[in-house]
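**Q** okay, structure incoming, though there's no sequence with it:
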């Protein structure tokens with residue numbers, strides 16, 4: 001990914017301030033809203049079925065997150081996703097805990113079957129379960145995926161006709177043809193809840209300003225990971241790190257991203 005592409009993408013997010021509509025979980029909803037602002041977007045968190053279509057219609061991206069799943073939320077996701085598809089608005093799906101219960105796994109599959117999802121952003125265990133590759137999930141945490149994760153991600157992306165974005169020590173983004181590895185981040189990002197959810201929000205902001213969802217997703221993960229690296233430098237523990245993470249992303253510039261991004265091909 002060229003330096004100018006990275007810089008231009010980040011500048012577009014900051015200039016356009018895209019509206020990112022979330023139907024997400026109540027554990028991390030505030031963090032997702034604030035990280036969207038820090039990235040340069042504008043968040044809205046509306047999940048009532050009476051208004052989700054109207055709200056989605058004016059958004060730049062829709063982020064769906066099944067972290068605290070319930071039947072009413074599923075209805076809202078289907079309605080919002082349908083509107084997003086009609087308006088050609090990118091849909092980012094975070095399949096939190098897919099594989100932990102049948103309800104979660106079947107719901108994610110229903111969303112994938114009934115909606116055109118632009119980016120499926122999850123951890124290795126979740127993606128492995130959905131790809132039929134034997135991923136392991138306990139609660140909402142990944143417990144690994146056997147085999148070549150890049151190949152599994154590429155095969156699944158090609159079959160499902162979407163972009164797969166796997167978060168981990170090295171993030172993987174692929175549409176089945178192209179693949180990018182993102183090596184930004186810090187172990188402290190795994191010490192607090194919600195960093196995966198926040199990564200989906202940042203992905204939504206970047207995808208709202210670019211039709212190339214592979215590059216937009218990789219740029220988003222690089223920006224978020226770089227903010228994590230900077231936040232860790234002065235952190236005394238998980239919660240001081242959490243605060244610094246927001247500050248560092250808010251203060252990140254396109255030039256910082258170009259200089260600090262670690263994005264490569266496999």
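**A** Structure's in. What do you need? Please read these numbers as outputs of a predicted model, since none were measured by experiment.
**Q** the protein: helices as residue ranges?
**A** 3-16, 29-39, 52-57, 71-86, 102-114, 124-131, 149-160, 195-207, 213-233, 238-251, 254-260 (DSSP state H).
**Q** pull out the buried residues from the third one.
**A** Using 16 or more other Cβ atoms under 10 Å as the test for burial, helix 52-57 gives 52-53, 55-56. Just so you know, the C-beta spots here come from the backbone N, C-alpha and C atoms, and that holds for glycine as well.
**Q** what's the most distant pair in those?
**A** Across these, the longest distance by Cβ to Cβ is 7.4 Å; it joins 53 and 55.
**Q** mutual contacts of these two, please.
**A** Taking Cβ atoms under 8 Å, 6 or more residues apart in numbering as the criterion, residue 53 and residue 55 both touch residue 80.
**Q** grab the nearest non-local neighbour of residue 49.
**A** Nearest in space to residue 49, with sequence neighbours left out and distances taken as Cβ to Cβ, 6 or more residues apart in numbering, is residue 76 at 4.8 Å.
**Q** verify the stated contact: the one you found with residue 45.
**A** No: using Cβ atoms under 8 Å, residue 76 makes no contact with residue 45, being 11.4 Å away.
**Q** look at the two and report which has more neighbours.
**A** residue 76 (21 against 17; other Cβ atoms under 10 Å).
**Q** poorly predicted segments of the chain, please.
**A** 134-147 (pLDDT under 70).
**Q** and stretch 244-259, how far out from the chain's middle?
**A** 18 Å (Cα atoms, centre = their mean, to the nearest Å).
**Q** ok, now stretch 61-81?
**A** Worked out by Cα atoms, centre = their mean, stretch 61-81 lies 15 Å from the chain centre.
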